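Participant: Test case, fold it:
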Amino acid sequence: MTTSGVVGGETAEGEPLRNALEACLRSFVSEEIDIASVTRLTGGASRETYAVDASRSGETWPLILQRERGGTRRRDEGMEAEASVVRRAHDAGTPTPVVVLSHGQLPLEEALTVGNSWFVTEVVAGETIARKILRDEQFVHARGALAGQLGRALAQLHTVPVDGLDWLEEVDSLVSYREVADELELASPAFELGFRWLEQHRPDKAASTLVHGDFRLGNLIVDEDGLRAVIDWELAHTGDPMEDLGWVCVRAWRFGGAGPVAGVGGYDEMFAGYEEVSGRRVDPDVVRWYETLGTLKWGIMCGSQVENHRTSVVRSVELAAIGRRIAEQEYDVLQLLGDPIVVDRPNPADHDSAGITGPPRGETTAGELVEAVREFLSDHVMTSADGQLGFHARVAANALGIVERELELGPALTAAADVQWARFGASSSTELAAMIRSGSLDDRFDELREALVPLAIAKLEITNPRWLR
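Facilitator: Model (predicted):
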């Protein structure tokens, strides 16, 4: 992907946005178009999403507007590229929203009245929130059908012709995320062991197809009967189609669900659906390789998110907290590299307390201050706020919980880690990571994995104990 500079033009907001979008739709669609309102739904780091209450020749016509933030574009084509692949996928039978209009279909001056880069789709009725899809009673039938439907949809997606979509790049995710990890200076022994295993077990090169790049709950619209549409194609590229199958199986995208496929179903169900449409057998070992790669990728992406916070690209308590999710991916990567390793969880009572609990003596301890602020957020802010404020209050309370546990358990974890680094002739995690990457410890792979899993568990006792349940 390439990134161009500012394209120019004023970005419409509020009532000007409604008027500008209405004018653009009227100039393109040969019917009477009226827009009652344009309501902001989300505000991600790179794009904005709006619900458009519109009518077409007097009939209700609900729409969605997505546009890139500010005056920059992630690639030269802007969101016109994404719109083009969604159109192509829809025409080929993949369930997607219908693209109504994109900025590239209008004269530049007219398009810029809505924004630098944007497109509009028809609304597809259904739910995208993973928690609701996985738990609400209305989706009980959908959960039973979804794994097979995802397999069939992916098989259809992987037949979409890519000729003429010159912006699509052939992506080798193992190489590209190795580069990202180096840029972030992520010195993780667990991740380096994952990289070594992935390099040594890389599957044979497959015929390249369209790859969605982020096929998972959250980017799927689901109703009571199951899958309705695949959305958010901004990471689309070409490559091995099994990348999509592996990504939807990554544990982080199960959102607490028990099934390995999106938290709802089994591998065999998805594979059967894929084979039914594609006529090609799925190799479970190749999907496992991509699931492992996907887990490693998400861990590195967590590092990228917190770097955005550190460098003030987007200051956010959510992004700051995501950096601690790296521990979840370290644990999962290690467990995916062979048969699961079962280790008794440490008992927090075995460690010295840092004064987080118990009656205060003298000055307030750091742990007590953190605890007090966390309780304020949990008991007062979260209960009285909703929407983004309530969500971020919950994130902040969880972050303070991590700090509490680190004050209590961190010293013991540090001491245990030092013992393990020394066992392999290293003085730090950074040095051990470098030794693993060099290949000098390849003959001790199993020993390394057995040593790193207990440390990963200890880290999760601090960052997210629920991940171990």
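
Participant: can you list the weak-confidence ranges in the stretch 51-200 of the chain?
Facilitator: For the stretch 51-200 of the chain, the stretches flagged by pLDDT under 70 are 70-72.

Participant: What segments of it are helices?
Facilitator: For the stretch 51-200 of the chain, the helices defined by DSSP state H, counting those that start in this stretch occupy 79-91, 108-111, 130-135, 140-157, 173-184, 189-200.

Participant: what's the answer for the stretch 201-350 of the chain, then?
Facilitator: Using DSSP H, counting those that start in this stretch, helices in the stretch 201-350 of the chain cover 242-247, 267-278, 284-310, 317-322, 326-336.

Participant: what's the closest of those to Arg444?
Facilitator: helix 326-336 (14.4 Å; Cβ to Cβ). From N, CA and C alone the C-beta is placed, and that goes for glycine too.

Participant: Would you reformat the helices of the stretch 201-350 of the chain as JSON lines and include mean neighbour count, distance to Arg345 and mean pLDDT?
Facilitator: Below are the helices of the stretch 201-350 of the chain laid out as JSON lines (neighbours: other Cβ atoms under 10 Å; distance: least, Cβ to Cβ, whole Å; pLDDT from 0 to 100):
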{"stretch": "helix 242-247", "mean neighbour count": "25", "distance to Arg345": "28", "mean pLDDT": "98"}
{"stretch": "helix 267-278", "mean neighbour count": "19", "distance to Arg345": "27", "mean pLDDT": "98"}
{"stretch": "helix 284-310", "mean neighbour count": "21", "distance to Arg345": "21", "mean pLDDT": "94"}
{"stretch": "helix 317-322", "mean neighbour count": "18", "distance to Arg345": "23", "mean pLDDT": "84"}
{"stretch": "helix 326-336", "mean neighbour count": "24", "distance to Arg345": "12", "mean pLDDT": "96"}
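
Participant: Excluding covalently adjacent residues, which one is nearest to Leu168?
Facilitator: Thr238 (5.2 Å; Cβ to Cβ, 6 or more residues apart in numbering).

Participant: oh, I was asking about Trp197
Facilitator: Closest residue to Trp197 apart from its sequence neighbours, by Cβ to Cβ, 6+ apart: Leu337 at 5.0 Å.

Participant: What is the neighbour count of that neighbour?
Facilitator: A count of neighbours around Leu337, defined by other Cβ atoms under 10 Å, yields 22.

Participant: Double-check it against Glu291; I have them as touching.
Facilitator: No - counting by Cβ atoms under 8 Å, Leu337 stays clear of Glu291, with 11.4 Å between them.

Participant: Contacts for the helix or strand containing Leu432, please.
Facilitator: Taking DSSP states H and E as the definition, one finds Leu432 inside helix 429-438. The contact list for helix 429-438 (Cβ atoms under 8 Å, 6 or more residues apart in numbering) reads 187-189, 191-193, 195-196, 417, 421, 424-426, 441, 448.

Participant: Could you check how far the residue nearest to Trp197 is from Pro62?
Facilitator: 47 Å (Cβ to Cβ, to the nearest Å).

Participant: Ok, Gln335 next?
Facilitator: Distance, Gln335 to Pro62, by Cβ to Cβ: 44 Å.

Participant: Could you do Ile322 as well?
Facilitator: Distance from Ile322 to Pro62, by Cβ to Cβ: 32 Å.

Participant: If I look at the residue nearest to Trp197, what pLDDT would I see?
Facilitator: Leu337 carries a pLDDT value of 97.

Participant: what's stretch 369-386 in contact with?
Facilitator: Taking Cβ under 8 Å, 6+ apart as the rule, stretch 369-386 contacts Ile356, Leu389, Gly390, Ala393, Arg394, Ala396, Ala397, Leu400, Gly401, Val403, Glu404, Leu407.

Participant: count of residues packed around the closest residue to the fifth one other than its chain neighbours?
Facilitator: Read it as Arg394. Closest residue to Arg394 apart from its sequence neighbours, by Cβ to Cβ, 6+ apart: Met382 at 5.6 Å. By the other Cβ under 10 Å criterion, the neighbourhood of Met382 contains 18 residues.

Participant: The one 10 residues further on too?
Facilitator: Residue neighbour count, defined by other Cβ under 10 Å, stands at 18 for His392.

Participant: Quick check: closest non-adjacent residue to it.
Facilitator: Leaving aside its sequence neighbours, His392 sits nearest to Val317 (Cβ to Cβ, 6+ apart; 5.6 Å).

Participant: Which helix or strand lies directly C-terminal to the helix holding Leu432?
Facilitator: helix 445-463.

Participant: how many degrees apart are that next one and helix 189-200 in direction?
Facilitator: 140 degrees (axes from the mean of the first three to the mean of the last three Cα atoms, to 10 degrees).

Participant: sorry, back to before: quick one: the helices of the stretch 51-200 of the chain as a markdown table, columns for mean neighbour count and distance to Asn219 too.
Facilitator: Shown next, in a markdown table, are those (neighbours: other Cβ atoms under 10 Å; distance: least, Cβ to Cβ, whole Å):
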| stretch | mean neighbour count | distance to Asn219 |
| --- | --- | --- |
| helix 79-91 | 21 | 12 |
| helix 108-111 | 14 | 26 |
| helix 130-135 | 18 | 10 |
| helix 140-157 | 21 | 11 |
| helix 173-184 | 16 | 17 |
| helix 189-200 | 22 | 24 |
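
Participant: nearest to Phe28, of the ones you listed?
Facilitator: In terms of Cβ to Cβ, the element of these nearest to Phe28 is helix 108-111, at 9.3 Å.

Participant: what sits up against that closest one?
Facilitator: Gly9, Ala23, Cys24, Ser27, His103, Gly104, Trp118.

Participant: Dump that helix to CSV, keeping only the CA atoms.
Facilitator: Extracted in CSV, the C-alpha atoms of helix 108-111 (Å, rounded to 0.1, in the frame of the first residue of the first chain):
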residue,chain,number,x,y,z
LEU,A,108,-13.1,15.9,-7.8
GLU,A,109,-14.5,19.2,-6.7
GLU,A,110,-17.9,17.8,-6.1
ALA,A,111,-16.5,14.7,-4.3
